[in-house]
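Student: predicted structure and sequence below. I'll ask about it afterward.
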Amino acid sequence: MGTTVDTVEIYPTGDALMQAAAQRFAACAEAAIQAAGRFVVALSGGSTPKRLYALLATEPYAGRVQWSRVHVFWGDERCVPPDDPASNYRTAREALLSRVPVPEGNVHRMRGEDDPGSAAAAYERELREIFVTPDGPPACTPARRFDLVLLGMGDNGHTASLFPGTPAVRETERWVMAQCVNAVSMWRVTLTPVIINSAAEVTFLVSGGEKAGMLRRVLKGPNMPDALPAQAIAPGHGRLRWLVDATAAADLERSCDDITGRDLQPGRIPARRR
């Protein structure tokens, strides 16, 4: 059980991509709440997810989600105060969380204003508490893992704050790490593949022609997770989805009709089995 299924779904426009992502978010929330009484999601930063969050705050999606049963975490955060324009928390708060009835106690932000190492350790403790896993590896069972992790992909192949050549890409024990990312000259706090790969579902959202070459390398190229950290994401007992628009998919060999909903066999780190 728990075989990872890699599916790539291609949509003709960015708007169609956002509609599909919003549908997927609402469906995941409904299923998780029905099964376990709550929905635990990790949000992504970046411009593409911001469009999704704004859509989720409108009907019909806002009305489909029982927001009182949603717990919101983040995949990564810049080490800035929560009101800084660069804050992933601020982006999600302004686009979504201030516009839907999520209880304040259900919003679990990374404290980017604190010492990075302390913020990472505190976030891991918070995750372990909500997933009832005081030590050891994450569980891969309902109510003890993320129901959904949303991720983006940078044009250098990074995802969350897993950047090429950084230690968090190969981490095998810690769920959360702080690292100084030389590529952006900034400290970041990020979830590691250890906890991301235990999720019930991980969904990448990729939009724009500037990502086309990198998307092809990540999905169809050789296994080089240190250089292409998005390849480190391979849920061991869950589903991996790539939702992309046609411009981002332009360098994939097969046509949209041929590839939509089909399994791909990209090179990547083997999924962790627990």
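Tutor: Sure, I can see it.
Student: let me know the average pLDDT across the lengthiest helix in the chain.
Tutor: The helix that spans the most residues within the chain, counting by DSSP state H, is helix 14-36. What helix 14-36 shows for mean pLDDT is 97.
Student: do you know how far residue 167 is from residue 197?
Tutor: Note on residue 167: its distance to residue 197, by C-beta to C-beta, to the nearest Å, is 17 Å. Heads up, the C-betas are built off the backbone N, CA and C, glycines and all.
Student: looking at those two, which is more packed in?
Tutor: residue 197 (26 against 11; other C-beta atoms under 10 Å).
Student: stretch 206-216: end-to-end distance?
Tutor: Stretch 206-216 has its terminal residues 12 Å apart, counting by C-alpha to C-alpha, to the nearest Å.
Student: contact partners of that stretch?
Tutor: Contact with stretch 206-216 is made by 14, 17, 48, 152-157, 228, 242-245, 247-252, as judged by C-beta atoms under 8 Å, 6 or more residues apart in numbering.
Student: in that stretch, what's buried?
Tutor: For stretch 206-216, the neighbour count (16 or more other C-beta atoms under 10 Å) marks 206-207, 211-212, 214-216 as buried.
Student: likewise stretch 138-153?
Tutor: Going by neighbour count (16+ other C-beta under 10 Å), the buried part of stretch 138-153 is 138, 140, 145-153.
Student: cool, and stretch 52-63?
Tutor: For stretch 52-63, the neighbour count (16+ other C-beta under 10 Å) marks 52-53, 55-57, 61-62 as buried.
Student: and which of the residues you listed is nearest residue 121?
Tutor: residue 53 (27.6 Å; C-beta to C-beta).
Student: next one, pLDDT for the residue lying closest to residue 190 once chain neighbours are set aside please.
Tutor: Of all residues not flanking residue 190 in the chain, residue 161 sits nearest, at 3.6 Å (C-beta to C-beta, 6 or more residues apart in numbering). pLDDT, residue 161: 97.
Student: now do the helices in the stretch 101-250 of the chain.
Tutor: Taking DSSP state H, counting those that start in this stretch, the helices of the stretch 101-250 of the chain run over residues 116-130, 193-196, 212-220.
Student: residue 68 is nearest to which of those?
Tutor: helix 116-130 (15.8 Å).
Student: residues near residue 104, how many?
Tutor: 6.
Student: per-residue pLDDT of it, please?
Tutor: 97.
Student: low-confidence ranges in the stretch 51-200 of the chain?
Tutor: Of all residues in the stretch 51-200 of the chain, none has pLDDT under 70.
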